[in-house]
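Visitor: What shape does this take:
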Amino acid sequence: MSALKRSLTSLLVRLLGSSVLILPAFAQLTATPSSEAFSNTYIGLSSTSKSISVKNTGTASVTINSITSSCPEFKLSSGTTPFVLAAGKTTSYSFYFAPVAAQLYSCNYTLVPSSGANLVVPLTGTGLASAAIVGLSTNSLTFSNQPVGTSSASQSIKVSNTGTATIEITGITITSPDFYITAVKLPLSILKNSSTTINVFYSPAQAISETGAIGLVYNDIPEQVVDLNGTGVAATSLVITNNATLPAATVEAAYQAQLIANSGTSPYTFTVQSGSTLPAGLTLSSAGLLSGTLASTVTAGTYTFTTNVADSASHNATKLFSLTVAKATGAACNNISFDVVGETTPITPITDLGTGTYGGEEGGLYSGGTNLRPTVQTTYGQTQAGKIQPLNSTGGASPTGKIVLLALGESTALDEFGTAFLPLARHDPAINSNIVFVDGAQGGATPGELLTTTGNGYFNTILNNYLPDQGVTADQVQVVWIEDSNGTASGTFPTDMNALTTDYETVLKNLHSLFPNLLLTYFSSRIYAGYSNGVAKINPEPYAYEAGFAVKNVIGDQYAGTGGICAGENGCSPITAPWVSWGPYYWANGLLASEDGMVWTCQDLQADGTHPQTPSGDLKVAAAVLNFFKTDATTTPWFLEP
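Guide: Prediction:
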């Protein structure tokens with residue numbers, strides 16, 4: 001026996017004799033399942049996400065430093081790095097498959113830990129090429145000078161399939177209830193060398209100009225979008241202006257909808273037309289308030305009834321309404337509005353509050369109780385917008401470069417931007433083809449979690465996964481849209497709002513540091529959360545509402561030169577943040593319609609009453625965001641196709 005072997009044997013005997021065997025702590029990552037196979041996916045489409053559970057089966061904590069794919073066709077959809085994983089604990093990562101060629105893909109996702117071996121997860125999927133070739137007869141429809149409360153003549157979209165295989169329209173998305181189509185039974189098959197026609201109508205509820213879009217979703221080709229434009233004008237005779245399809249109701253839950261008359265002589269008197277019946281439990285007041293609690297005998301389904309309005313000059317008008325009643329969601333569906341003791345009852349959207357106050361804070365998106373951005377601020381925003389141009393990967397101007405619009409926020413923004421906004425925006429013919437939209441919103445990415453940049457898993461994942469997955473870099477990010485709030489908010493107003501204001505301002509400075517060419521940032525505050533009260537603790541009311549004042553104060557701070565978020569406006573220096581403004585504001589007090597007609601039904605929210613439901617809730621936000629970027633004076637120069 002060699003001297004070395006004798007020494008090792010002697011050491012082992014001594015350790016065993018003392019009954020203590022000292023082993024080093026170690027980390028080891030395992031994945032369940034150990035690999036993922038994605039279903040066949042057509043070119044231009046994306047698969048549903050698949051998840052792996054990653055467990056540390058070792059005896060020591062480990063940091064997962066990075067996760068990378070060997071093929072850009074497999075993309076990360078959730079999970080962050082760096083992530084500290086304690087011994088015996090698990091975390092998860094999700095991926096989706098987006099092929100660009102008709103072929104088999106066999107690739108790997110590699111997780112790199114701070115110690116121990118890398119974890120390699122094989123991913124496979126096959127890309128398919130569609131044999132259908134679909135063309136549209138138009139990419140936009142315009143409806144001019146339509147009296148409110150009346151329906152236009154139809155305009156048609158002819159969908160032609162000149163390919164060699166049948167294709168199906170599996171979904172139709174319309175971003176505004178003022179535009180609607182004749183009933184279409186889905187899925188709608190279009191045989192090879194054949195076509196179908198979709199008839200579109202316009203019935204404005206207000207005398208305004210508006211934009212919208214209709215998205216056609218197919219089974220094996222990317223979505224196609226037709227832009228919609230309409231102008232509502234005052235009616236010439238008495239009308240009921242509400243859309244014919246009323247906001248959805250929930251079985252055995254409270255409900256209300258205010259009917260509105262126009263172009264008659266007030267006062268108006270509403271009645272249910274003889275021979276027509278409301279769903280049991282609902283009544284219509286003479287002032288036009290449809291309200292009550294749906295009786296237990298009312299089942300899920302669509303109900304129709306006709307109402308009449310008479311004015312003081314003995315004019316009459318009628319309208320046929322449909323009301324969809326849906327099953328209970330699990331949320332607090334009776335919370336159709338929210339009150340705060342001592343404030344306006346019920347609380348009023350900031351956009352409708354004007355010079356009124358909430359907790360001592362004046363209403364309006366901007367100072368003075370107005371929703372109009374100050375002219376000086378708009379002018380500087382337009383100056384910044386004029387600098388936006390396609391950039392290459394290192395931030396240099398390039399005609400073949402990209403303009404990146406990044407979304408930031410927590411899970412609600414993830415749902416709204418990724419599920420509803422992206423499918424429309426990526427295929428909308430009116431939008432600048434140089435723009436790349438990146439969904440950087442992530443579950444749990446609250447402002448309080450974005451206060452640092454070093455070792456921050458949320459920012460790191462945006463930089464190292466979400467941007468590269470879309471073929472772009474941090475140097476190409478020039479615009480950010482934010483909808484974010486501290487999910488487990490607590491405290492009382494205005495203390496909670498002031499803390500959120502400080503968080504927002506730190507986040508803006510971090511964005512300036514991470515994205516050197518970022519010029520414009522737009523904030524939206526979140527949706528109504530009253531249906532979550534008593535069900536979930538994630539940002540219930542009134543915190544969801546009060547977050548809007550934090551946004552307002554951030555914008556006001558920059559305009560006033562305070563808060564340390566200088567964008568160069570008013571000659572401040574040095575620049576520490578991008579120019580910041582309101583994006584769309586879409587909070588409304590449940591079923592109490594805001595002045596622009598926005599409502600939130602229980603059916604717009606998931607079971608927790610917090611997260612928007614697909615498609616209705618997500619689409620309301622997506623429509624507001626899309627319309628804002630298409631029409632604002634600081635966005636149209638770069639957002640719309642030149």
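Visitor: Any figure for the gap between the nearest residue to Gly448 once chain neighbours are set aside and Tyr543?
Guide: Ranked by Cβ to Cβ, 6 or more residues apart in numbering and with sequence neighbours excluded, the top spatial neighbour of Gly448 is Asn486, at 5.1 Å. Any C-beta I mention is one placed from the backbone N, CA and C, and that applies to glycine too. According to Cβ to Cβ, to the nearest Å, Asn486 and Tyr543 sit 8 Å apart.
Visitor: Pull the contacting residues for Gln206.
Guide: 148, 232, 241, 596-597 (Cβ atoms under 8 Å, 6 or more residues apart in numbering).
Visitor: follow-up on the earlier one: ok so the residue nearest to Gly448 is a strand residue?
Guide: No - the assignment for Asn486, made by DSSP: H, G, I helix; E, B strand; the rest coil, is coil rather than a strand.
Visitor: and Ile67, what helix or strand is that in?
Guide: strand 62-69 (DSSP states H and E).
Visitor: related to what we said a few turns ago, which one of the contacts of Gln206 has the most neighbours?
Guide: Using other Cβ atoms under 10 Å as the neighbour criterion, Gly232 leads the contacts of Gln206 with 24 neighbours.
Visitor: and that one, helix, strand or coil?
Guide: Going by three-state DSSP: Gly232 is strand.
Visitor: and it, what does it touch?
Guide: 146-148, 178, 204-210.
Visitor: Reformat these as CSV; add distance to Cys333.
Guide: Below are the contacts of Gly232 laid out as CSV (distance: Cβ to Cβ, whole Å):
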residue, distance to Cys333
Gln146, 34
Pro147, 35
Val148, 31
Asp178, 26
Pro204, 30
Ala205, 25
Gln206, 28
Ala207, 33
Ile208, 31
Ser209, 35
Glu210, 30
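Visitor: Which of those sits closest to Ser616?
Guide: Using Cβ to Cβ, Asp178 comes nearest to Ser616 of the contacts of Gly232, at 15.7 Å.
Visitor: just to revisit the earlier point, burial of the residue nearest to Gly448, as a residue count?
Guide: With other Cβ under 10 Å as criterion, Asn486 counts 20.
Visitor: any idea how far Thr124 is from it?
Guide: Using Cβ to Cβ, one gets 40 Å for the distance from Asn486 to Thr124.
Visitor: Which residue is the nearest non-sequential neighbour of Phe50?
Guide: Not Phe; residue 50 is Lys. Glu36 (4.8 Å).
Visitor: Against Asn308, how distant is that neighbour?
Guide: Applying Cβ to Cβ to Glu36 and Asn308 gives a distance of 59 Å.
Visitor: Of these two, which one has the most company?
Guide: Just comparing Glu36 and Asn308: by other Cβ under 10 Å the higher neighbour count belongs to Glu36, 20 against 17.
Visitor: SS state for the closest residue to Ser573 other than its chain neighbours?
Guide: Once flanking residues are discounted, Ser573 sits nearest to Cys566: 6.6 Å by Cβ to Cβ, 6+ apart. With three-state DSSP as the basis, Cys566 sits in coil.
Visitor: so Cys566 makes contact with Pro574?
Guide: Yes - the pair Cys566 / Pro574 is scored as a contact, 6.7 Å apart, by Cβ atoms under 8 Å.
Visitor: So which of these two has more stuff around it?
Guide: Set Cys566 next to Pro574 and count neighbours by other Cβ under 10 Å: Cys566 wins out with 20 against 6.
Visitor: where does the more buried one sit relative to Trp481, distance-wise?
Guide: Distance from Cys566 to Trp481, by Cβ to Cβ: 21 Å.
Visitor: sorry, back to before: export the contacts of Gly232 to TSV and tack on distance to Gln470 and secondary structure?
Guide: As requested, the contacts of Gly232 are arranged in TSV below (distance: Cβ to Cβ, whole Å; DSSP: H, G, I helix; E, B strand; the rest coil):
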residue	distance to Gln470	secondary structure
Gln146	39	strand
Pro147	44	strand
Val148	41	coil
Asp178	33	coil
Pro204	37	coil
Ala205	37	coil
Gln206	37	coil
Ala207	40	coil
Ile208	35	coil
Ser209	33	strand
Glu210	30	strand
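Visitor: Take those residues and, keeping just the buried ones, write it as a ChimeraX select command.
Guide: Here is the ChimeraX selection string for the buried members of the contacts of Gly232, based on 16 or more other Cβ atoms under 10 Å:
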select :146,147,148,178,204,205,206,207,210
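Visitor: would you list the contacts of Gly232 in TSV and tack on pLDDT?
Guide: Output for those, formatted as TSV (pLDDT from 0 to 100):
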residue	pLDDT
Gln146	98
Pro147	97
Val148	97
Asp178	97
Pro204	97
Ala205	96
Gln206	95
Ala207	96
Ile208	96
Ser209	96
Glu210	96
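Visitor: any idea which of the contacts of Gly232 is the one closest to Leu290?
Guide: For these, the nearest to Leu290 is Ala205 (15.6 Å; Cβ to Cβ).
Visitor: That closest one contacts Gly149, doesn't it?
Guide: Yes - counting by Cβ under 8 Å, Ala205 touches Gly149, with 7.4 Å between them.
Visitor: list residues touching both of these two?
Guide: Shared contacts of Ala205 and Gly149, counting by Cβ under 8 Å, 6+ apart, come down to 241-242.
Visitor: Identify the residue nearest the geometric centre of the protein.
Guide: Glu416 (1.7 Å; Cα atoms, centre = their mean).
Visitor: how near is Ser53 to Tyr466?
Guide: 21 Å.
Visitor: Between the two, tell me which one has more neighbours.
Guide: In this view Ser53 and Tyr466 are compared by other Cβ under 10 Å, and Tyr466 has more residues nearby, 20 against 12.
Visitor: residue contacts, the more buried one?
Guide: Contacts of Tyr466 (Cβ under 8 Å, 6+ apart): 76, 438-440.
Visitor: picking that back up, isn't the residue nearest to Gly448 right up against Leu500?
Guide: Yes - using Cβ under 8 Å, Asn486 makes contact with Leu500 at a distance of 6.0 Å.
Visitor: list residues touching both of the two?
Guide: Taking Cβ under 8 Å, 6+ apart as the criterion, Asn486 and Leu500 both touch Pro447.
Visitor: Tell me which residues of the helix or strand that contains Ser53 come out buried.
Guide: Using DSSP H and E, Ser53 falls within strand 50-56. Neighbour-count burial for strand 50-56, counted by 16+ other Cβ under 10 Å, picks out 50, 52, 54-56.
Visitor: now swap in stretch 512-530 and tell me
Guide: Buried-residue list, stretch 512-530, by 16+ other Cβ under 10 Å: 512, 514-515, 517-530.
Visitor: tell me the mean pLDDT for it?
Guide: For stretch 512-530, mean pLDDT is 97.
Visitor: mind checking the end-to-end distance for that stretch?
Guide: 34 Å (Cα to Cα, to the nearest Å).
Visitor: so how far is that stretch from its chain's centroid?
Guide: 13 Å (Cα atoms, centre = their mean, to the nearest Å).
Visitor: do the same with stretch 129-144
Guide: For stretch 129-144, the distance to the chain centre is 25 Å (Cα atoms, centre = their mean).
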